[in-house]
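K.L.:
Output the structure for:
(2 chains)
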Amino acid sequence: MAGIILDGITKEYPGGVLAVHDFSLEIDDKEFIILVGPSGCGKSTILRMIAGIEEITSGELYIDGILMNNVEAKDRDIAMVFQNYALYPHMSVYKNMAFALKLRKIPKNEIDRRVRDAAKVLDIEELLERKPAALSGGQRQRVALGRAMVRDPAVFLLDEPLSNLDAKLRAGMRAELTKLHQSLGTTFVYVTHDQTEAMTMADRIVIMKEGMIQQVDAPQVLYDKPCNMFVAGFIGSPQMNFAHGVLSAQDGIMQASMAAGKLPVAKLGIQAHLGKEICVGIRPEDIHASAAFLQANPARVFDAVVELSEPMGSEIFLYLDCNGDKLVARIPPGEVYRIGDRIKIGVDTSKIHLFDMETEIAIG
Amino acid sequence: MSKTLKTILQRGLKSSSNATAKGKRGEGFAALVFLAPSFAGISLFFLAPFVDTVRRSFFDALGIKFIGLDGYVSVLKNNAFRLAAANTAKFVAVCIPALLAASLGIALLVRGIRPWGKVFKTSYLLPMAVPVASIVLLWQALFHKHGLANTVLARFGVLPVDFMGTSAAFWVLIFTYLWKNTGYDMVLWLAGLDGISQNLYEAAKVDGANAWQIFVNITMPGLASTTGLVAILSLLNGFKVFREAYLVAGSYPHDSIYLLQHLFNNWYQNLDISRLCAAAAMLCAVLLAIILLVLRFFTEEV
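P.N.:
Numbering: from 1, shown residues only, chains lettered A, B, ... in the order given. Coordinates of the predicted model:
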């Protein structure tokens, strides 16, 4: 039950490798915050610094209002779930979960109660006497969660806890983790490289790249209003289409000219970029091929050649070549597309994104 | 190490017992073919002589007349054997725990000071590279009645000690053994320590363990099988200390360092074959028992 404040945290490894640079973030009490980014972006390092198993080079870390920079890991009242679970191999599941409580000299019957309660919640009651080697990946993952739960910690740190599970188990565990967060009412700091995990579980997502924060926002805000091309490309699958273009004005209407064609763009605050090179971002679901849409929006129609069609059952991913601009469209099923088919597509311009070509920052 | 051996044996047994599975049987046969050359070598140079030794222990010196357990009785009654066995047991009982503790301590220190660790690792390993014969010269110079150690002691006003002529010889031998073997065992410990995942230490830290609790709950259990291995190797190396003892003090050293090997060597020179064989068979039985006990104790299935 504690908020966390990271103030200008920097981590520099010997040899001058800058893992985290000037990282500032306020995590609210009971918030489920997810740090996401490609591998090597420093997200795990942040988590390890909060845990106290990695030293902070500069900046300040507060947990529940108390400066933690020089507080040892064991005194921070945090629990951590490791990517490979880090279960003690020579201890039974029960002893793994009881270990931290035993170190804190909590009475035996209280330890027993807490371990059995957690085991019940996680559905691992029958496994308590087993050694970790005799457990499946999913079971180990639950034990690792249980080991953290019994502590009743101020902060829960999770370092890619689902990455070693198969896809089906992962989807199930996502829902369970969300439930667990709600029932525990504890601050969760969660690290992953999987944007689906981030989108589905987080109250807020922190997107990182090369040790720096790119954007911190609620999942839907990140999706709708990415602040730069990195965020726009990172969140969403298939990822956002990017096409180079120039911003021009014709008859008082701003338009983006791309290889594929011209699109009218009615956005505020883009006048300054008139005549400059820009990048147009279009989400795959904002590209339409239905006759109704094409008829209603004749000014936003491009010719396209089908390069590949991936029917997913509930939808189709169309890989298109529009006069050199490669676009992916996500359209409803129904029509059958063959490679080489020449079709017409329309773009929902109310949802397109514009980025400055040089700074890659969103405009308008 | 023993665990792998166990699994190999188990697999071998399984494949040989599983006669219905043709592929498995082929695998077992292939294993035998690959094992055959080294097995032949070991049989020729170790097993067969050993079997003959056991046989000879029941016969007279010429290996013709059956004497039953007479050889064993005579060995057990022999004063020299009792002294040598007691000395050897005492030596093993003192130096192996001391060696295990010292080498583990140094291994932990060497790991702790990472940037300088390599320098220390090498320097602790150096004694292994020095041939025994040249070390002996050094010991003689050091521990002679008028040697270096006594010169230093005299500086501090301590009366000279006759290191090799009194029971101090035992402790000189212990020191020699530790000096020579610490580096080797340290390397084994380091390998064992490398086998413990860094994440476990971190998890324990986050769970609230201090350095000592981490050592007891993470490091020690993680080193269990290494401990068994190091203990057995140290035990076997313990018998090699005879070289130093023999070269420094000869066939009949001070009573305190008269080891089983001195006795064996003397019996061998006197061609006292039946007693020699009986004693060898007994020593082997005792060592085997100790090794099996250590293996059983330290190779708990994880």
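
K.L.:
How about the secondary structure of residue A:309?
P.N.:
Three-state assignment for residue A:309 (DSSP: H, G, I helix; E, B strand; the rest coil): strand.

K.L.:
which non-adjacent residue is nearest it?
P.N.:
If the residues on either side of it in the chain are set aside, residue A:309 comes closest to residue A:337, at 4.1 Å by C-beta to C-beta, 6 or more residues apart in numbering or on different chains. The C-beta positions use only the backbone N, C-alpha and C, and glycine is treated the same way.

K.L.:
List the contacts of that neighbour.
P.N.:
Each residue near residue A:337 by C-beta atoms under 8 Å, 6 or more residues apart in numbering or on different chains is listed here: A:306, A:309, A:316, A:318, A:343.

K.L.:
Who wins on neighbours among those?
P.N.:
Counting neighbours by other C-beta atoms under 10 Å in any protein chain shown, residue A:318 leads those with 25 neighbours.

K.L.:
Okay, and the beta partners of residue A:207?
P.N.:
Under the criterion DSSP bridges, residue A:207 forms beta bridges with residue A:36, residue A:215.

K.L.:
wait, what's in contact with it?
P.N.:
Here residue A:207 is in contact with A:36-37, A:213-216, A:222, A:230-231, A:234-235 (C-beta under 8 Å, 6+ apart).

K.L.:
I'd like those laid out as TSV, including pLDDT and neighbour count.
P.N.:
What follows is the contacts of residue A:207, written out as TSV (pLDDT from 0 to 100; neighbours: other C-beta atoms under 10 Å in any protein chain shown):
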residue	pLDDT	neighbour count
A:36	95	24
A:37	92	26
A:213	94	21
A:214	95	20
A:215	95	21
A:216	96	19
A:222	93	27
A:230	95	20
A:231	94	23
A:234	92	25
A:235	92	22
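
K.L.:
Residue A:21: which of those is nearest?
P.N.:
Checking the contacts of residue A:207 against residue A:21 with C-beta to C-beta, the nearest one is residue A:213 at 9.2 Å.

K.L.:
does the closest one sit in a helix or strand, and which one?
P.N.:
Residue A:213 is part of strand A:212-217 when elements are defined by DSSP states H and E.

K.L.:
For the stretch 101-250 of chain A, just list every one of the strands.
P.N.:
According to DSSP state E, counting those that start in this stretch, the stretch 101-250 of chain A carries its strands in the segments A:155-159, A:187-192, A:204-209, A:212-217, A:241-250.

K.L.:
nearest to residue B:178, of those?
P.N.:
Closest approach to residue B:178 among the strands of the stretch 101-250 of chain A (C-beta to C-beta): strand A:155-159, 43.1 Å.

K.L.:
Now do the same contact list for residue 154.
P.N.:
All of this refers to chain A. Residue A:154 touches A:1-2, A:63-64, A:77-78, A:186-187, counting by C-beta under 8 Å, 6+ apart.

K.L.:
wrong one, I was asking about chain B
P.N.:
Contact analysis of residue B:154 by C-beta under 8 Å, 6+ apart lists residue B:160.

K.L.:
element containing it?
P.N.:
Assigned by DSSP H and E, residue B:154 falls within helix B:148-155.

K.L.:
wait, isn't residue A:361 in contact with residue A:230?
P.N.:
No: applying C-beta atoms under 8 Å as the test, residue A:361 and residue A:230 come out as separate, 9.9 Å apart.

K.L.:
need the contact list for residue A:94.
P.N.:
Per C-beta under 8 Å, 6+ apart, neighbours of residue A:94: A:115, A:128-129.

K.L.:
what do you get for residue B:290?
P.N.:
Residue B:290 makes contacts with residue B:235, as judged by C-beta under 8 Å, 6+ apart.

K.L.:
gap between the residue of the stretch 251-364 of chain A found nearest chain B and residue A:304?
P.N.:
In the stretch 251-364 of chain A, the residue that lies nearest chain B is residue A:360 (36.3 Å; C-beta to the nearest C-beta). Distance, residue A:360 to residue A:304, using C-beta to C-beta, to the nearest Å: 26 Å.

K.L.:
Neighbour count: those two, which is higher?
P.N.:
residue A:304 (24 against 16).

K.L.:
just the contacts of residue A:154 now: which is nearest residue A:88?
P.N.:
If you rank the contacts of residue A:154 by distance to residue A:88 using C-beta to C-beta, residue A:78 comes first, at 18.3 Å.

K.L.:
re earlier: for the contacts of residue A:337, which two are the farthest from each other?
P.N.:
A:316 and A:343 (11.9 Å).

K.L.:
Residue A:100 touches residue B:208, doesn't it?
P.N.:
Yes: at 5.4 Å, residue A:100 counts as touching residue B:208 under the criterion of C-beta under 8 Å.

K.L.:
Now do the biggest helix by length in chain A: everything it contacts.
P.N.:
Ranked by number of residues, the top helix in chain A under DSSP state H is helix A:167-184. For helix A:167-184, the external contacting residues (C-beta under 8 Å, 6+ apart) are A:32, A:121, A:137-138, A:141, A:145, A:149, A:156, A:158, A:161-162, A:165, A:188, A:190, A:196-197, A:200-201.

K.L.:
repeat that with 6 Å
P.N.:
For helix A:167-184, the external contacting residues (C-beta atoms under 6 Å, 6 or more residues apart in numbering or on different chains) are A:32, A:138, A:162, A:188, A:200-201.
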